[in-house]
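In: Build me a structure from this.
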Amino acid sequence: MFSNWVIITKRPYFNPTMKQDSEKRSILVTSALPYANAPLHLGHILEHTQTDIWVRFQRLYGNNCIYVCADDAHGTPIMLKAEELDISPEELIDEIYQDHKATFEGYRISHDNFHTTHSEENKILSERIYNSLNEKRLIDKKIINQLYDTKKQMFLADRYVKGTCPNCGAQEQYGDNCEKCSATYNAIDLIDPVSVISGTTPIISESEHIFFKLSQLKDQITTWLDESHIQNPVRNKLNEWLEGDLKDWDISRDNPYFGFLIPGYEDKYFYVWLDAPIGYLASHLNYLSKNNDESKFEDFWEPDSQNEIFHFIGKDIMYFHALFFPMMLSNANLKSPSGVFVHGFLTLNGEKMSKSRGNFISAKNYLNTLDPDYLRYFMGSKLGTGVDDIDLNLEDFKQKVNSDLVNKYANIASRSARFINNHYKDTLSTELDTPELVEEFVEASIKISESYENLEFSKALREIMSLADKANQYIESKEPWILIKKEGNEEQVQSICTTAINLFRILTIMLSPVIPGFTQVAKDFLNEQETNWHSINDPLLSKKVNKFKPIITRIDENHINNLMGN
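Out: Here you go, the predicted structure:
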(Lines give C-alpha, C1' and ligand atoms only; values in the text may rest on other atoms or scores of the structure.)
Protein backbone atom coordinates (compact mmCIF):
# COMPACT_ATOMS: atom_id res chain seq x y z
CA MET A 1 0.00 0.00 0.00
CA PHE A 2 2.71 2.43 0.93
CA SER A 3 5.74 3.50 -1.06
CA ASN A 4 9.16 3.97 0.48
CA TRP A 5 9.78 7.43 1.84
CA VAL A 6 13.00 9.22 1.07
CA ILE A 7 15.29 9.80 4.04
CA ILE A 8 16.81 13.25 4.10
CA THR A 9 18.83 15.07 6.71
CA LYS A 10 17.62 18.26 8.31
CA ARG A 11 14.05 17.32 7.40
CA PRO A 12 11.24 19.70 8.40
CA TYR A 13 9.52 17.15 10.62
CA PHE A 14 10.32 14.15 12.73
CA ASN A 15 9.85 11.71 9.88
CA PRO A 16 11.03 8.10 10.26
CA THR A 17 10.79 5.84 7.23
CA MET A 18 7.63 3.94 6.42
CA LYS A 19 8.44 0.76 4.54
CA GLN A 20 6.59 -1.57 2.23
CA ASP A 21 4.04 -3.80 3.91
CA SER A 22 6.39 -6.79 3.59
CA GLU A 23 9.24 -4.97 5.36
CA LYS A 24 8.58 -4.96 9.06
CA ARG A 25 10.60 -2.52 11.10
CA SER A 26 12.14 -3.36 14.47
CA ILE A 27 11.79 -0.35 16.74
CA LEU A 28 12.68 0.33 20.37
CA VAL A 29 10.83 3.28 21.90
CA THR A 30 11.30 4.95 25.27
CA SER A 31 9.74 7.73 27.32
CA ALA A 32 11.77 9.82 29.76
CA LEU A 33 12.12 8.15 33.14
CA PRO A 34 9.89 9.58 35.88
CA TYR A 35 11.78 10.41 39.05
CA ALA A 36 11.12 7.98 41.90
CA ASN A 37 10.38 10.41 44.73
CA ALA A 38 6.76 11.47 44.10
CA PRO A 39 3.54 10.35 42.39
CA LEU A 40 3.08 10.97 38.67
CA HIS A 41 1.57 14.23 37.42
CA LEU A 42 -0.30 14.94 34.20
CA GLY A 43 2.91 16.11 32.51
CA HIS A 44 4.18 12.53 32.75
CA ILE A 45 0.88 11.34 31.28
CA LEU A 46 1.20 13.76 28.35
CA GLU A 47 4.59 12.35 27.39
CA HIS A 48 3.66 8.72 27.87
CA THR A 49 0.40 9.19 25.98
CA GLN A 50 2.26 10.74 23.06
CA THR A 51 4.72 7.85 23.06
CA ASP A 52 1.99 5.26 23.50
CA ILE A 53 -0.06 6.54 20.55
CA TRP A 54 2.95 6.23 18.27
CA VAL A 55 3.86 2.80 19.64
CA ARG A 56 0.30 1.51 19.26
CA PHE A 57 0.18 2.78 15.68
CA GLN A 58 3.44 1.00 14.84
CA ARG A 59 2.13 -2.27 16.25
CA LEU A 60 -1.21 -1.80 14.50
CA TYR A 61 0.59 -1.20 11.22
CA GLY A 62 2.47 -4.47 11.67
CA ASN A 63 5.91 -3.35 12.84
CA ASN A 64 7.83 -4.96 15.69
CA CYS A 65 7.78 -2.20 18.29
CA ILE A 66 9.02 -2.57 21.87
CA TYR A 67 8.22 0.15 24.42
CA VAL A 68 10.33 0.27 27.57
CA CYS A 69 10.66 2.68 30.44
CA ALA A 70 11.80 2.71 34.07
CA ASP A 71 11.82 4.75 37.24
CA ASP A 72 14.80 7.06 37.66
CA ALA A 73 15.76 5.88 41.11
CA HIS A 74 19.06 7.51 42.09
CA GLY A 75 20.29 10.85 43.37
CA THR A 76 20.41 13.17 46.34
CA PRO A 77 16.67 14.05 46.38
CA ILE A 78 15.74 10.38 46.85
CA MET A 79 18.35 9.97 49.57
CA LEU A 80 17.01 13.01 51.42
CA LYS A 81 13.34 12.07 50.93
CA ALA A 82 13.98 8.61 52.37
CA GLU A 83 15.81 10.17 55.30
CA GLU A 84 12.85 12.49 55.91
CA LEU A 85 10.45 9.50 55.94
CA ASP A 86 12.83 7.45 58.08
CA ILE A 87 12.97 4.61 55.58
CA SER A 88 15.72 3.29 53.32
CA PRO A 89 16.08 4.64 49.77
CA GLU A 90 15.33 1.13 48.53
CA GLU A 91 12.03 1.09 50.41
CA LEU A 92 11.11 4.51 49.02
CA ILE A 93 11.84 3.69 45.39
CA ASP A 94 10.02 0.35 45.60
CA GLU A 95 6.90 2.05 46.98
CA ILE A 96 7.04 4.74 44.29
CA TYR A 97 7.71 2.12 41.60
CA GLN A 98 4.50 0.25 42.42
CA ASP A 99 2.55 3.52 42.41
CA HIS A 100 3.99 4.67 39.07
CA LYS A 101 3.44 1.32 37.41
CA ALA A 102 -0.21 1.15 38.52
CA THR A 103 -0.86 4.73 37.39
CA PHE A 104 0.59 4.16 33.94
CA GLU A 105 -1.49 1.01 33.58
CA GLY A 106 -4.55 3.06 34.59
CA TYR A 107 -3.91 5.37 31.63
CA ARG A 108 -3.55 2.34 29.31
CA ILE A 109 0.12 3.03 28.63
CA SER A 110 1.31 -0.13 26.90
CA HIS A 111 4.85 -0.51 28.23
CA ASP A 112 6.37 -3.85 27.30
CA ASN A 113 8.59 -3.39 30.33
CA PHE A 114 8.64 -0.87 33.16
CA HIS A 115 11.84 -1.30 35.17
CA THR A 116 14.00 0.69 37.61
CA THR A 117 17.45 2.21 37.22
CA HIS A 118 18.38 0.71 40.60
CA SER A 119 18.91 -2.69 38.99
CA GLU A 120 21.73 -5.13 38.38
CA GLU A 121 21.33 -4.69 34.61
CA ASN A 122 21.82 -0.95 34.92
CA LYS A 123 24.82 -1.31 37.20
CA ILE A 124 26.56 -3.67 34.78
CA LEU A 125 25.79 -1.53 31.73
CA SER A 126 26.81 1.73 33.45
CA GLU A 127 30.16 0.22 34.42
CA ARG A 128 30.61 -1.21 30.93
CA ILE A 129 30.02 2.15 29.28
CA TYR A 130 32.22 3.99 31.77
CA ASN A 131 35.07 1.53 31.30
CA SER A 132 34.80 1.83 27.51
CA LEU A 133 34.99 5.63 27.72
CA ASN A 134 37.94 5.35 30.07
CA GLU A 135 39.76 3.05 27.62
CA LYS A 136 39.27 5.68 24.91
CA ARG A 137 40.84 8.32 27.18
CA LEU A 138 37.55 10.21 27.38
CA ILE A 139 37.53 10.21 31.19
CA ASP A 140 39.41 12.89 33.13
CA LYS A 141 39.89 13.91 36.77
CA LYS A 142 39.78 17.49 38.03
CA ILE A 143 39.84 19.23 41.40
CA ILE A 144 36.79 21.47 41.77
CA ASN A 145 35.51 23.86 44.40
CA GLN A 146 32.06 23.17 45.80
CA LEU A 147 29.86 24.41 48.59
CA TYR A 148 29.92 22.02 51.53
CA ASP A 149 27.30 21.75 54.27
CA THR A 150 29.30 21.15 57.45
CA LYS A 151 26.19 20.26 59.45
CA LYS A 152 24.93 17.60 56.99
CA GLN A 153 28.52 16.73 56.02
CA MET A 154 27.78 16.69 52.31
CA PHE A 155 28.57 18.66 49.18
CA LEU A 156 25.61 20.65 47.91
CA ALA A 157 24.18 20.38 44.42
CA ASP A 158 23.04 23.68 42.89
CA ARG A 159 19.39 23.05 43.77
CA TYR A 160 20.26 22.79 47.46
CA VAL A 161 21.82 26.25 47.71
CA LYS A 162 20.08 29.62 47.74
CA GLY A 163 21.54 33.10 47.96
CA THR A 164 21.80 36.51 46.36
CA CYS A 165 22.44 36.69 42.61
CA PRO A 166 25.97 37.99 41.96
CA ASN A 167 24.75 39.72 38.80
CA CYS A 168 21.57 41.64 39.76
CA GLY A 169 21.35 41.27 43.54
CA ALA A 170 18.07 39.33 43.54
CA GLN A 171 17.63 37.32 46.71
CA GLU A 172 16.49 33.71 47.20
CA GLN A 173 18.07 32.47 43.95
CA TYR A 174 19.31 28.92 43.37
CA GLY A 175 22.96 28.04 42.84
CA ASP A 176 22.99 27.78 39.06
CA ASN A 177 20.94 30.60 37.56
CA CYS A 178 18.89 33.67 38.51
CA GLU A 179 15.16 33.64 37.80
CA LYS A 180 15.10 37.45 37.81
CA CYS A 181 17.88 38.35 35.35
CA SER A 182 18.52 34.87 33.80
CA ALA A 183 22.23 35.06 34.58
CA THR A 184 24.07 31.75 34.99
CA TYR A 185 26.87 31.33 37.49
CA ASN A 186 28.69 28.87 39.73
CA ALA A 187 27.10 28.20 43.11
CA ILE A 188 30.28 29.36 44.87
CA ASP A 189 29.71 32.83 43.36
CA LEU A 190 26.39 33.28 45.19
CA ILE A 191 26.37 36.10 47.73
CA ASP A 192 25.43 34.96 51.27
CA PRO A 193 24.72 31.33 50.25
CA VAL A 194 22.56 29.19 52.51
CA SER A 195 22.09 25.43 52.49
CA VAL A 196 18.46 24.59 51.68
CA ILE A 197 18.89 21.34 53.60
CA SER A 198 20.18 22.57 56.96
CA GLY A 199 19.74 26.34 56.79
CA THR A 200 23.42 26.85 57.62
CA THR A 201 26.07 28.76 55.72
CA PRO A 202 28.12 26.34 53.60
CA ILE A 203 31.88 26.56 53.16
CA ILE A 204 33.89 26.19 49.98
CA SER A 205 35.75 22.90 49.84
CA GLU A 206 37.79 21.05 47.25
CA SER A 207 36.93 17.64 45.81
CA GLU A 208 38.25 15.50 42.99
CA HIS A 209 35.58 14.84 40.37
CA ILE A 210 35.45 12.67 37.29
CA PHE A 211 34.58 14.17 33.90
CA PHE A 212 33.47 12.88 30.52
CA LYS A 213 35.48 14.77 27.87
CA LEU A 214 32.51 16.04 25.90
CA SER A 215 34.62 18.99 24.73
CA GLN A 216 36.56 16.64 22.42
CA LEU A 217 33.44 15.34 20.65
CA LYS A 218 32.01 18.44 19.00
CA ASP A 219 32.44 17.08 15.46
CA GLN A 220 30.82 13.78 16.41
CA ILE A 221 27.86 15.58 17.93
CA THR A 222 27.42 17.73 14.83
CA THR A 223 27.42 14.66 12.60
CA TRP A 224 24.91 12.86 14.80
CA LEU A 225 22.57 15.86 14.82
CA ASP A 226 22.72 16.11 11.02
CA GLU A 227 21.91 12.43 10.53
CA SER A 228 19.27 11.90 13.21
CA HIS A 229 15.51 12.38 13.29
CA ILE A 230 15.06 15.56 15.33
CA GLN A 231 12.64 18.46 14.90
CA ASN A 232 14.24 21.49 13.31
CA PRO A 233 13.59 23.86 16.24
CA VAL A 234 15.31 21.37 18.53
CA ARG A 235 18.22 20.92 16.14
CA ASN A 236 18.61 24.68 15.90
CA LYS A 237 18.69 25.03 19.69
CA LEU A 238 21.23 22.26 20.04
CA ASN A 239 23.40 23.86 17.35
CA GLU A 240 23.31 27.10 19.34
CA TRP A 241 24.91 25.25 22.24
CA LEU A 242 27.55 23.89 19.87
CA GLU A 243 28.55 27.37 18.70
CA GLY A 244 30.43 27.99 21.93
CA ASP A 245 32.96 25.85 23.71
CA LEU A 246 31.51 22.61 25.02
CA LYS A 247 32.48 21.91 28.60
CA ASP A 248 33.50 18.53 29.93
CA TRP A 249 30.68 16.87 31.83
CA ASP A 250 30.98 16.14 35.53
CA ILE A 251 29.75 12.54 35.93
CA SER A 252 30.62 11.96 39.61
CA ARG A 253 29.11 12.81 42.96
CA ASP A 254 30.61 12.56 46.43
CA ASN A 255 29.51 10.42 49.33
CA PRO A 256 26.85 10.50 50.78
CA TYR A 257 24.86 9.72 47.65
CA PHE A 258 22.32 7.09 46.56
CA GLY A 259 23.52 5.46 43.37
CA PHE A 260 26.19 3.21 41.85
CA LEU A 261 29.81 3.42 42.96
CA ILE A 262 32.22 4.28 40.16
CA PRO A 263 34.63 1.39 39.46
CA GLY A 264 37.87 1.89 41.36
CA TYR A 265 36.38 4.25 43.97
CA GLU A 266 34.83 3.75 47.39
CA ASP A 267 33.41 7.27 47.84
CA LYS A 268 32.54 8.41 44.31
CA TYR A 269 29.20 7.68 42.67
CA PHE A 270 27.91 7.99 39.14
CA TYR A 271 25.93 11.21 38.75
CA VAL A 272 22.29 10.26 38.24
CA TRP A 273 22.29 11.68 34.70
CA LEU A 274 24.89 9.15 33.67
CA ASP A 275 23.04 6.00 34.73
CA ALA A 276 19.48 7.30 34.18
CA PRO A 277 19.47 7.15 30.34
CA ILE A 278 21.43 3.92 30.47
CA GLY A 279 18.27 2.73 32.22
CA TYR A 280 16.69 2.51 28.75
CA LEU A 281 19.21 -0.17 27.81
CA ALA A 282 18.80 -1.86 31.18
CA SER A 283 15.01 -2.01 30.86
CA HIS A 284 15.37 -3.45 27.35
CA LEU A 285 17.83 -6.07 28.62
CA ASN A 286 15.49 -6.91 31.50
CA TYR A 287 12.62 -7.31 29.04
CA LEU A 288 14.68 -9.64 26.85
CA SER A 289 15.81 -11.63 29.89
CA LYS A 290 12.21 -12.21 30.92
CA ASN A 291 11.61 -13.65 27.45
CA ASN A 292 14.90 -15.61 27.32
CA ASP A 293 16.07 -13.45 24.42
CA GLU A 294 19.18 -11.83 25.94
CA SER A 295 21.15 -12.58 22.78
CA LYS A 296 19.05 -10.04 20.89
CA PHE A 297 20.43 -7.22 23.03
CA GLU A 298 23.76 -6.98 21.23
CA ASP A 299 22.02 -7.40 17.87
CA PHE A 300 19.89 -4.39 18.70
CA TRP A 301 22.52 -2.14 20.28
CA GLU A 302 25.55 -2.90 18.13
CA PRO A 303 26.75 0.25 16.30
CA ASP A 304 25.72 -0.93 12.81
CA SER A 305 22.32 -2.30 13.80
CA GLN A 306 19.53 -1.47 11.36
CA ASN A 307 16.99 -1.49 14.17
CA GLU A 308 15.58 1.88 15.21
CA ILE A 309 15.69 3.58 18.62
CA PHE A 310 13.53 6.61 19.43
CA HIS A 311 13.33 8.63 22.63
CA PHE A 312 10.35 10.80 23.63
CA ILE A 313 11.33 13.54 26.08
CA GLY A 314 10.39 16.97 27.42
CA LYS A 315 12.20 20.07 26.21
CA ASP A 316 13.88 20.55 29.59
CA ILE A 317 16.10 17.48 29.21
CA MET A 318 17.07 17.57 25.54
CA TYR A 319 20.64 18.62 26.41
CA PHE A 320 21.23 15.27 28.13
CA HIS A 321 19.49 13.16 25.48
CA ALA A 322 20.83 14.85 22.36
CA LEU A 323 24.38 15.70 23.43
CA PHE A 324 25.61 13.59 26.35
CA PHE A 325 23.79 10.30 25.86
CA PRO A 326 24.46 9.73 22.12
CA MET A 327 28.15 10.44 22.66
CA MET A 328 28.32 8.08 25.63
CA LEU A 329 26.82 5.31 23.53
CA SER A 330 28.74 5.81 20.30
CA ASN A 331 32.07 6.03 22.13
CA ALA A 332 31.25 2.89 24.08
CA ASN A 333 30.74 0.97 20.80
CA LEU A 334 26.96 1.00 21.10
CA LYS A 335 24.25 2.30 18.81
CA SER A 336 23.21 5.93 19.29
CA PRO A 337 19.51 6.82 19.11
CA SER A 338 17.95 7.03 15.66
CA GLY A 339 16.11 10.10 16.83
CA VAL A 340 14.81 12.12 19.73
CA PHE A 341 11.35 13.65 19.76
CA VAL A 342 10.85 16.64 22.04
CA HIS A 343 7.55 18.01 23.35
CA GLY A 344 6.51 21.04 25.38
CA PHE A 345 5.06 21.22 28.87
CA LEU A 346 1.44 20.85 29.97
CA THR A 347 -0.38 23.83 31.46
CA LEU A 348 -3.84 23.88 33.07
CA ASN A 349 -6.41 26.53 32.12
CA GLY A 350 -3.67 28.71 30.67
CA GLU A 351 -1.39 28.65 33.72
CA LYS A 352 1.44 26.56 35.08
CA MET A 353 0.13 23.77 37.30
CA SER A 354 0.53 24.62 40.97
CA LYS A 355 -0.77 22.82 44.06
CA SER A 356 -0.34 25.91 46.23
CA ARG A 357 -2.43 28.01 43.84
CA GLY A 358 -5.11 25.36 43.48
CA ASN A 359 -4.44 24.96 39.76
CA PHE A 360 -3.59 21.28 39.79
CA ILE A 361 -4.98 17.86 38.87
CA SER A 362 -3.14 14.81 40.10
CA ALA A 363 -2.83 11.85 37.76
CA LYS A 364 -4.65 9.68 40.30
CA ASN A 365 -7.49 12.13 40.87
CA TYR A 366 -8.18 12.23 37.16
CA LEU A 367 -8.47 8.44 37.06
CA ASN A 368 -10.90 8.55 39.99
CA THR A 369 -13.11 10.92 38.00
CA LEU A 370 -13.00 10.10 34.29
CA ASP A 371 -11.97 7.40 31.84
CA PRO A 372 -8.38 7.96 30.67
CA ASP A 373 -9.39 7.79 27.00
CA TYR A 374 -11.04 11.21 27.26
CA LEU A 375 -7.70 12.75 28.24
CA ARG A 376 -5.75 10.62 25.76
CA TYR A 377 -7.98 11.92 22.98
CA PHE A 378 -7.71 15.55 24.05
CA MET A 379 -3.93 15.33 24.34
CA GLY A 380 -3.71 13.61 20.97
CA SER A 381 -5.78 16.37 19.41
CA LYS A 382 -3.20 18.93 20.58
CA LEU A 383 -0.01 17.01 19.81
CA GLY A 384 2.08 17.63 16.71
CA THR A 385 5.74 18.11 15.92
CA GLY A 386 6.07 21.44 17.74
CA VAL A 387 7.68 22.03 21.11
CA ASP A 388 5.21 24.63 22.33
CA ASP A 389 3.40 24.05 25.61
CA ILE A 390 -0.01 22.37 25.50
CA ASP A 391 -2.85 23.80 27.56
CA LEU A 392 -5.45 21.60 29.20
CA ASN A 393 -8.32 24.06 29.19
CA LEU A 394 -11.09 22.14 30.93
CA GLU A 395 -13.97 23.81 29.11
CA ASP A 396 -12.26 23.11 25.78
CA PHE A 397 -11.59 19.57 27.00
CA LYS A 398 -15.27 18.96 27.81
CA GLN A 399 -16.56 20.45 24.57
CA LYS A 400 -14.05 18.70 22.33
CA VAL A 401 -14.58 15.27 23.83
CA ASN A 402 -18.37 15.57 23.72
CA SER A 403 -18.38 16.97 20.20
CA ASP A 404 -15.88 14.59 18.62
CA LEU A 405 -16.18 11.31 20.49
CA VAL A 406 -19.85 11.35 21.50
CA ASN A 407 -21.65 13.44 18.89
CA LYS A 408 -19.56 12.31 15.94
CA TYR A 409 -17.78 8.99 16.41
CA ALA A 410 -20.03 7.01 18.80
CA ASN A 411 -23.16 8.49 17.22
CA ILE A 412 -22.49 6.61 13.96
CA ALA A 413 -22.81 3.24 15.68
CA SER A 414 -25.72 4.13 17.92
CA ARG A 415 -27.75 5.40 14.92
CA SER A 416 -27.12 2.26 12.85
CA ALA A 417 -26.80 -0.61 15.28
CA ARG A 418 -30.36 -0.56 16.58
CA PHE A 419 -31.68 -1.37 13.10
CA ILE A 420 -29.29 -4.32 12.68
CA ASN A 421 -30.02 -5.53 16.22
CA ASN A 422 -33.81 -5.09 16.08
CA HIS A 423 -34.70 -5.96 12.48
CA TYR A 424 -31.98 -8.21 11.07
CA LYS A 425 -31.09 -10.62 13.90
CA ASP A 426 -27.79 -8.80 14.44
CA THR A 427 -26.60 -9.69 10.93
CA LEU A 428 -24.97 -7.33 8.45
CA SER A 429 -26.00 -7.19 4.81
CA THR A 430 -24.27 -9.11 2.03
CA GLU A 431 -23.44 -5.85 0.25
CA LEU A 432 -22.75 -2.18 0.85
CA ASP A 433 -25.30 0.44 -0.09
CA THR A 434 -22.64 3.02 -0.99
CA PRO A 435 -19.31 1.24 -1.59
CA GLU A 436 -17.71 4.37 -3.03
CA LEU A 437 -18.03 6.12 0.36
CA VAL A 438 -16.36 3.20 2.11
CA GLU A 439 -13.59 3.33 -0.49
CA GLU A 440 -13.14 7.04 0.23
CA PHE A 441 -12.54 6.20 3.88
CA VAL A 442 -10.09 3.47 2.88
CA GLU A 443 -8.12 5.86 0.69
CA ALA A 444 -8.09 8.47 3.47
CA SER A 445 -6.39 5.93 5.73
CA ILE A 446 -3.15 6.35 3.75
CA LYS A 447 -2.90 10.04 4.58
CA ILE A 448 -3.92 9.43 8.17
CA SER A 449 -1.29 6.73 8.62
CA GLU A 450 1.33 9.17 7.36
CA SER A 451 0.21 11.70 9.96
CA TYR A 452 0.49 9.10 12.73
CA GLU A 453 3.93 8.09 11.49
CA ASN A 454 5.12 11.70 11.46
CA LEU A 455 3.75 12.30 14.97
CA GLU A 456 1.17 14.72 13.62
CA PHE A 457 -1.55 13.32 15.83
CA SER A 458 -3.65 16.49 15.82
CA LYS A 459 -3.70 16.37 12.02
CA ALA A 460 -4.66 12.68 12.01
CA LEU A 461 -7.54 13.26 14.42
CA ARG A 462 -8.84 16.24 12.44
CA GLU A 463 -8.97 14.04 9.34
CA ILE A 464 -10.67 11.24 11.25
CA MET A 465 -13.35 13.57 12.63
CA SER A 466 -13.90 15.00 9.17
CA LEU A 467 -14.66 11.46 8.03
CA ALA A 468 -16.96 10.98 11.02
CA ASP A 469 -18.89 14.06 9.89
CA LYS A 470 -19.30 12.48 6.44
CA ALA A 471 -20.55 9.24 7.98
CA ASN A 472 -23.19 11.08 10.01
CA GLN A 473 -24.20 13.11 6.97
CA TYR A 474 -24.57 9.86 5.03
CA ILE A 475 -26.93 8.39 7.65
CA GLU A 476 -28.88 11.64 7.79
CA SER A 477 -29.31 11.70 4.02
CA LYS A 478 -30.45 8.07 3.80
CA GLU A 479 -33.01 8.37 6.64
CA PRO A 480 -33.23 4.65 7.52
CA TRP A 481 -35.71 5.47 10.30
CA ILE A 482 -38.17 6.56 7.61
CA LEU A 483 -37.37 3.85 5.08
CA ILE A 484 -37.89 1.06 7.61
CA LYS A 485 -41.52 2.09 7.99
CA LYS A 486 -42.28 1.22 4.36
CA GLU A 487 -42.62 -2.40 3.30
CA GLY A 488 -40.14 -3.51 0.67
CA ASN A 489 -37.26 -1.38 1.96
CA GLU A 490 -35.86 -4.03 4.29
CA GLU A 491 -32.82 -4.96 2.19
CA GLN A 492 -31.99 -1.32 1.47
CA VAL A 493 -32.12 -0.33 5.15
CA GLN A 494 -29.94 -3.32 6.08
CA SER A 495 -27.45 -2.31 3.39
CA ILE A 496 -27.46 1.35 4.51
CA CYS A 497 -26.83 0.42 8.11
CA THR A 498 -24.16 -2.07 7.08
CA THR A 499 -22.42 0.72 5.19
CA ALA A 500 -22.61 3.01 8.22
CA ILE A 501 -21.27 0.31 10.52
CA ASN A 502 -18.38 -0.31 8.13
CA LEU A 503 -17.56 3.40 8.20
CA PHE A 504 -17.67 3.23 11.99
CA ARG A 505 -15.39 0.20 11.94
CA ILE A 506 -12.78 1.99 9.83
CA LEU A 507 -12.86 4.96 12.22
CA THR A 508 -12.53 2.55 15.15
CA ILE A 509 -9.34 1.06 13.70
CA MET A 510 -7.99 4.54 12.98
CA LEU A 511 -8.74 5.75 16.52
CA SER A 512 -7.53 2.66 18.37
CA PRO A 513 -3.98 3.99 19.02
CA VAL A 514 -5.51 7.01 20.77
CA ILE A 515 -8.55 5.64 22.63
CA PRO A 516 -7.84 1.92 23.10
CA GLY A 517 -10.42 1.48 25.87
CA PHE A 518 -13.35 2.96 23.95
CA THR A 519 -12.40 1.21 20.71
CA GLN A 520 -12.24 -2.11 22.56
CA VAL A 521 -15.92 -1.63 23.46
CA ALA A 522 -16.57 -0.87 19.80
CA LYS A 523 -14.74 -4.03 18.73
CA ASP A 524 -16.85 -6.03 21.16
CA PHE A 525 -19.96 -4.72 19.39
CA LEU A 526 -18.44 -5.48 15.97
CA ASN A 527 -17.62 -9.01 17.18
CA GLU A 528 -14.12 -8.49 15.87
CA GLN A 529 -11.02 -8.63 18.04
CA GLU A 530 -8.09 -9.33 15.73
CA THR A 531 -7.68 -6.29 13.50
CA ASN A 532 -4.72 -4.32 12.19
CA TRP A 533 -4.34 -1.19 10.11
CA HIS A 534 -4.69 -3.19 6.89
CA SER A 535 -8.04 -4.62 8.03
CA ILE A 536 -9.42 -1.27 6.87
CA ASN A 537 -9.28 -2.65 3.31
CA ASP A 538 -11.67 -5.53 4.02
CA PRO A 539 -15.34 -4.67 4.68
CA LEU A 540 -17.50 -6.56 7.14
CA LEU A 541 -20.34 -8.28 5.29
CA SER A 542 -22.79 -11.08 6.15
CA LYS A 543 -21.46 -11.14 9.68
CA LYS A 544 -23.18 -11.20 13.03
CA VAL A 545 -22.51 -8.32 15.39
CA ASN A 546 -23.29 -8.16 19.09
CA LYS A 547 -25.96 -6.15 20.85
CA PHE A 548 -24.96 -2.51 20.89
CA LYS A 549 -24.03 -0.96 24.21
CA PRO A 550 -23.21 2.73 24.74
CA ILE A 551 -19.54 3.28 23.98
CA ILE A 552 -18.85 6.76 25.36
CA THR A 553 -20.85 8.96 27.73
CA ARG A 554 -20.76 12.73 27.86
CA ILE A 555 -18.58 14.75 30.19
CA ASP A 556 -20.63 17.15 32.31
CA GLU A 557 -19.86 20.05 34.63
CA ASN A 558 -19.81 17.78 37.68
CA HIS A 559 -16.91 15.87 36.20
CA ILE A 560 -14.98 19.08 35.70
CA ASN A 561 -15.67 20.24 39.25
CA ASN A 562 -14.53 16.88 40.61
CA LEU A 563 -11.31 17.10 38.63
CA MET A 564 -10.48 20.38 40.30
CA GLY A 565 -11.55 19.09 43.70
CA ASN A 566 -14.57 21.39 43.89
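In: Neighbours of S26, how many?
Out: Using other CB atoms under 10 Å, S26 is surrounded by 16 other residues. (C-beta placed from N, C-alpha, C; glycine too.)
In: Could you do the one 3 residues further on as well?
Out: Neighbourhood size, V29 [other CB under 10 Å]: 23.
In: Check the one 10 residues further on too.
Out: Residue neighbour count, defined by other CB under 10 Å, stands at 13 for P39.
In: List the contacts of it.
Out: I96, D99, H100, T103, S362, A363, K364 (CB atoms under 8 Å, 6 or more residues apart in numbering).
In: looking at these, which has the most residues close by?
Out: The most crowded member of those, judged by other CB under 10 Å, is H100 (25 neighbours).
In: how near is that one to L92?
Out: Applying CB to CB, to the nearest Å, the value for H100 to L92 is 12 Å.
In: Quick check: the residue of the chain positioned farthest from its centre vs F419, distance?
Out: Largest separation from the mean C-alpha position in the chain: E487, at 54.7 Å (CA atoms, centre = their mean). As defined by CB to CB, E487 lies at a distance of 15 Å from F419.
In: ok, back up a step: overlap in contacts, H100 and L92.
Out: A36.
In: Show me the shaky parts of the chain.
Out: 1-22, 566 (pLDDT under 70).
In: how's it carved up into domains?
Out: 26-137+213-343, 139-210, 376-557 (automatic domain parsing).
In: Tabulate these in a markdown table, adding columns for distance to M564.
Out: Below are the domains of the chain laid out as a markdown table (distance: least, CB to CB, whole Å):
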| stretch | distance to M564 |
| --- | --- |
| domain 26-137+213-343 | 13 |
| domain 139-210 | 28 |
| domain 376-557 | 7 |
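In: Out of the ones you listed, flag the one nearest G358.
Out: With distances scored as CB to CB, the stretch of the domains of the chain nearest to G358 is domain 376-557 (13.3 Å).
In: Quick check: end-to-end length of the closest one?
Out: Using CA to CA, to the nearest Å, one end of domain 376-557 lies 19 Å from the other.
In: what does stretch 219-236 give?
Out: Using CA to CA, the two ends of stretch 219-236 sit 16 Å apart.
In: again with stretch 154-167
Out: Note: stretch 154-167 ends 27 Å apart using CA to CA.
In: ok, and what's touching that stretch?
Out: 76, 146-149, 170-176, 178, 180-181, 183, 185, 187, 189-197, 202, 205, 207, 253-254, 256.
In: In helices only, show me those.
Out: Among these, DSSP state H puts T76 in helices.
In: Can you tell me which of the contacts of stretch 154-167 are buried?
Out: Listed as buried from the contacts of stretch 154-167 are 76, 146-149, 173-175, 178, 185, 187, 190, 193-197, 202, 207, 253-254; burial here means 16 or more other CB atoms under 10 Å.
In: How far off centre is stretch 180-194?
Out: 34 Å (CA atoms, centre = their mean, to the nearest Å).
In: Quick one: residues in contact with that stretch.
Out: 145-147, 156, 158, 161-170, 173, 175-178, 200-202, 204.
In: Could you do stretch 75-94 as well?
Out: 35-37, 71, 73, 116, 118, 154, 157, 160, 197, 253, 256-259, 272.
In: if we go to 7 Å?
Out: Residues outside stretch 75-94 that contact it (CB atoms under 7 Å, 6 or more residues apart in numbering): 36-37, 71, 73, 116, 118, 157, 197, 256-259, 272.
In: Tell me where the stretch 51-200 of the chain has strands.
Out: For the stretch 51-200 of the chain, the strands defined by DSSP state E, counting those that start in this stretch occupy 64-71, 113-116, 139-149, 154-155, 161-164, 173-174, 191-195.
In: nearest to S495, of those?
Out: S495 lies closest, by CB to CB, to one member of the strands of the stretch 51-200 of the chain: strand 64-71, at 38.1 Å.
In: Can you point out the buried residues in the closest one?
Out: C65, I66, Y67, V68, C69, A70, D71.
In: And the strands in the stretch 201-350 of the chain, which stretches?
Out: 203-212, 249-250, 252-254, 268-270, 308-314, 339-343, 346-348.
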